[in-house]
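In: how would this look folded up:
(chains A and B)
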Amino acid sequence: MGVLLLLCLPVAAVAASASSPLAALQLEAIPDAWRDDSGARFELHSLRGENVVVTMAYARCHRTCPLTLRRLQQLQRMFDERGVRGEFVVIGYDPQGDDVRAWHQYRLSHGLRRANWHFLWGNEAQVEQTASLLGLPFWRYDDHIMHEARILFFDTTGLAHEEPELVR
Amino acid sequence: MQGGNNDRARAGRGWLAVATFLAVLAARPLWAAPDDTARMDALERRLDASMKLIRELSQRVEQLQKQLAHQGIANSAGPSGASPNAGTAAAPSPDEQRISAVEQSVQQIALSTSDRAAASGLPLHGFADVDAGTHNPTFPNLKGADIGSMEFFLTPRLGDRTRALFELNFEVDSSGDVGVDLERAQIGYQLADSTTVWLGRFHTPYGFWNTAFHHGLQIATSLRRPAFLEFEDHGGIMPAHTVGAWLTSAQRIGDGRLTYDVYVGNNQRIRGGMLDMNSAGSAHGGAIVGGNLGWLFGGALDGLKVGVDALSSRIEDVDTTPTIVTRLRSYGTYLAYDTDRWEHIAEFHLFSNYGLQPAGATYHSHAGFVQLGYRMPDRFTLYTRYERTVLQQADNYFQALNTGGSYHREALGLRYDLDLASALKMELATTRFTDRTPMSYDEALLQYAIRF
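Out: The predicted model follows:
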């Protein structure tokens, strides 16, 4: 009922590295047209009005991204416990390395099969713009992607928050 | 005597390069500051204006979409109750085309804004590491604390298809002098999404390790490379760098990916008992040619890669008079299994070298390692590695290399990720040389490796 419940992020690696201010970022500011891991067109802006948890990852990351994904799963459990609906969006850093099939495999191998989880693929320009907007700068070292770890929460008005402030 | 003068001259040039580089870095903000402030203000104003325009256009798109929804003409091809994200193939109406045009305008403005921000400067990234231990991890005759390396990594964006990669490394040699090396300098053209042809100096794509891990130690689980796969100036026995052309590609086939590399470049030489990649060109026009073919599994075996590789090079030992020339031929196979929990790597190389000048017999040698890694949930990674080489000492190639003796090494290590950009690594190792001068030594090593 409009009461904001602040859930702290105990995983230091996830929150501590966030560097860029959100500056009243709206969900609509992020590019809209993506492909999900089934290959279907996915319009990110259609999630407006929902609680949306957004992060970025790449499938071959075995050190940082698993921590982030684990945190997302914790958040999903918290949502479930509170009866809060939420959409979980993971945008890929690496359009060339992680195509739609790679994300589909990732999803299956990590048991992330819920319909409210979306693994999105977009072109390089989209990804770079999104990373910049979300405050997730990254750079490539050959096949490695050096990136930050950050989870953003967009409330039902589409406004971004640094840490998930969940509407109960 | 001449070698000593050359070393001093090289060291002097190294220091001069370091001083020049640092001076440029230090001086840049002083002369750039006033202009930059004004330029940044102007850029911020333009960015604000662009963002305002984007918001206005976004609102307009939303209004148009709402109007269409009210008129009941939106997306008539979709099934009733279908997700708004389900793709449709119906021909767009004029209103939809207008919306699409506005959306494209919004996206183009947003992307051009992003491009302008990216074009305002080239971010500087790199790696550094420092060590301490009972031995220097690279030069075992030294002990105590040491500076490992500091390197800068540049990947300027030069257009839609042109790629560039430069890796400038500052490191301390066994005499304590700082040397500067342009470890990689590649300019490439992207032929397709997953296919690029590179020209310049690159890491020779043999086996798995040499192109999976590079000079930045922070990305590697272990504290150091397997000794026989070390870079040339650290005693490696394989040509880690090639100067030439390299075609690299990864093609999806079903759930898996086929990776392949083909390269040709200057042949290497042996100078001062070390391999040299002839960065300025080959004196006698010899070449190295090679290739690598790998398969990255999907499905239940996701994370597993297997492959084979081969290379051939004409190696001139310029330390001898007359010059001894050997045909180096290496055939390799590798396996890597990389998941959230496990990191296992195994690589094996068979050498079949023969003398070209003077002509001689063929000698068979081999080298390989197996590394097993376990990533714990709490930012620790435990690893163990076994390395072994059996190198024929009658083979002129191995005979000419300072580090061409056979050895085996067992290592046990622990990596702890302090944060996303820094790691502490500890390793206990024992190394035994088995032919030239049979001896062994034990090591306890510590490394602090960062990226920035």
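In: Residue B:284: how many residues sit nearby?
Out: The tally of other residues near residue B:284 (other CB atoms under 10 Å in any protein chain shown) stands at 11. (Each C-beta comes from the backbone N, C-alpha and C, glycine too.)
In: how near is the residue nearest to it when sequence neighbours are not counted to residue B:243?
Out: In space, and not counting its chain neighbours, residue B:284 is closest to residue B:316: 6.9 Å by CB to CB, 6 or more residues apart in numbering or on different chains. Distance of residue B:316 to residue B:243, computed by CB to CB, to the nearest Å: 15 Å.
In: So between those two, which is more surrounded?
Out: The residue with more neighbours, out of residue B:316 and residue B:243, is residue B:316; 25 against 20, by other CB under 10 Å.
In: ok, now how distant is that one from residue B:141?
Out: Counting by CB to CB, the gap between residue B:316 and residue B:141 amounts to 28 Å.
In: Also residue A:86?
Out: Note on residue A:86: its distance to residue B:141, by CB to CB, is 60 Å.
In: If you count surrounding residues, which of these two has more?
Out: Shown here are residue A:86 and residue B:141; by other CB under 10 Å, residue A:86 has more neighbours (24 against 8).
In: Dihedrals phi and psi, that one?
Out: With angles defined as degrees, to the nearest 10, residue A:86 sits at phi -150, psi 150.
In: got the contact list for it?
Out: A:50-53, A:75-76, A:79, A:116, A:166 (CB atoms under 8 Å, 6 or more residues apart in numbering or on different chains).
In: Return the distance of it relative to residue B:135.
Out: The separation that residue A:86 has from residue B:135, given CB to CB, amounts to 53 Å.
In: ok, which stretches of the chain are helices?
Out: In the absence of a named chain, chain A is used. For chain A, helices defined by DSSP state H occupy the ranges A:12-15, A:65-82, A:100-109, A:124-134.
In: actually it's chain B I care about, not the one you picked
Out: Assigned by DSSP H, the helices in chain B fall at B:2-71, B:94-119, B:209-212, B:396-400.
In: which parts of the stretch 251-400 of chain B sit against chain A?
Out: Proximity of the stretch 251-400 of chain B to chain A (CB under 8 Å from any CB of the partner chain) is limited to residues B:252, B:255, B:298-299, B:302, B:338-340, B:343, B:375, B:379.
In: Out of the residues you listed, which two sit at the greatest distance?
Out: Of all pairs drawn from those, the widest gap by CB to CB lies between B:252 and B:379 and measures 32.4 Å.
In: Contacts only, for the closest residue to residue B:230 other than its chain neighbours.
Out: Leaving aside its sequence neighbours, residue B:230 sits nearest to residue B:236 (CB to CB, 6+ apart; 3.9 Å). Residues near residue B:236 by CB under 8 Å, 6+ apart: B:225, B:227-230, B:275, B:403.
In: ok, for residue B:415, nearest residue in space, not its chain neighbours?
Out: Closest residue to residue B:415 apart from its sequence neighbours, by CB to CB, 6+ apart: residue B:381 at 4.3 Å.
In: Okay, and the beta partners of the one you found?
Out: In this entry, residue B:381 is beta-bridged to residue B:375, residue B:415, by DSSP bridges.
In: Repeat that for residue B:246.
Out: Residue B:246 has these beta-bridge partners by DSSP bridges: residue B:198, residue B:263.
In: now swap in residue B:353 and tell me
Out: Here residue B:353 sits in beta bridges with residue B:363, as judged by DSSP bridges.
In: Give me the neighbour count for it.
Out: Neighbourhood size, residue B:353 [other CB under 10 Å]: 25.
In: Spit out the contact partners of whatever residue of the stretch 301-450 of chain B ends up closest to chain A.
Out: The stretch 301-450 of chain B approaches chain A most closely through residue B:340 (4.4 Å), counting by CB to the nearest CB. By CB under 8 Å, 6+ apart, the contact set of residue B:340 is A:62, A:66, A:110, B:375.
In: Pull up the per-residue confidence for it.
Out: Residue B:340 carries a pLDDT value of 94.
In: which of the contacts of residue B:340 lies closest to residue B:397?
Out: Nearest to residue B:397 out of the contacts of residue B:340 is residue A:62 (CB to CB; 36.9 Å).
In: count of residues packed around that closest one?
Out: Neighbour tally, residue A:62, other CB under 10 Å: 18.
In: next one: phi and psi at residue A:25?
Out: phi -70, psi 130.
In: ok, now which ones touch it?
Out: By CB under 8 Å, 6+ apart, the residues touching residue A:25 are A:133-134, A:152, A:159-160.
In: what about residue B:161, distance to chain A?
Out: Distance from residue B:161 to chain A, counting by CB to the nearest CB, to the nearest Å: 12 Å.
In: Leaving aside the residues adjacent along the chain, what's closest to that residue?
Out: residue B:190 (4.8 Å).
In: how near is the residue nearest to residue A:120 when sequence neighbours are not counted to residue A:67?
Out: Spatial nearest neighbour of residue A:120, chain neighbours left out: residue A:34 (4.0 Å); criterion: CB to CB, 6+ apart. Separation of residue A:34 from residue A:67 (CB to CB) stands at 24 Å.
In: With neighbour numbers in mind, choose between those two.
Out: residue A:34 (24 against 20).
In: That one and residue A:121 touch, don't they?
Out: Yes: Residue A:34 lies in contact with residue A:121 (CB atoms under 8 Å); the separation is 6.4 Å.
In: related to what we said a few turns ago, let me have the contacts of residue B:236 in JSON lines, extended by neighbour count.
Out: Below are those laid out as JSON lines (neighbours: other CB atoms under 10 Å in any protein chain shown):
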{"residue": "B:225", "neighbour count": "22"}
{"residue": "B:227", "neighbour count": "23"}
{"residue": "B:228", "neighbour count": "23"}
{"residue": "B:229", "neighbour count": "24"}
{"residue": "B:230", "neighbour count": "18"}
{"residue": "B:275", "neighbour count": "27"}
{"residue": "B:403", "neighbour count": "21"}
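In: pLDDT at residue 56, what is it?
Out: Picking chain A for this. 97.
In: nope, chain B please
Out: pLDDT recorded at residue B:56 is 66.
In: got it, and residue B:174?
Out: For residue B:174, the predicted pLDDT is 88.
In: Could you measure from the residue lying closest to residue B:132 once chain neighbours are set aside over to residue A:67?
Out: Once flanking residues are discounted, residue B:132 sits nearest to residue B:145: 4.4 Å by CB to CB, 6+ apart. Between residue B:145 and residue A:67 the computed distance is 31 Å (CB to CB).
In: do residue B:143 as well
Out: Applying CB to CB, the value for residue B:143 to residue A:67 is 36 Å.
In: Then residue B:135?
Out: Computed with CB to CB, the distance linking residue B:135 and residue A:67 is 34 Å.
In: got it, and residue B:129?
Out: Separation of residue B:129 from residue A:67 (CB to CB) stands at 23 Å.
In: Same question for residue A:127.
Out: 21 Å.
In: Ok, residue A:115 next?
Out: Distance from residue A:115 to residue A:67, counting by CB to CB: 24 Å.
In: Next: residue B:421.
Out: 14 Å.
In: so where's chain A shaky on pLDDT?
Out: A:1-22, A:163-168 (pLDDT under 70).
In: now the strands for it?
Out: For chain A, the strands defined by DSSP state E occupy A:4-6, A:33-35, A:41-43, A:52-57, A:87-92, A:117-120, A:138-141, A:144-147, A:152-154, A:160-161, A:165-167.
In: what sits against residue B:265?
Out: B:242-246, B:277, B:287-288.
In: Show me the one in the residues you listed that has more neighbours than the rest.
Out: residue B:242 (29 neighbours).
In: No further questions, thank you.
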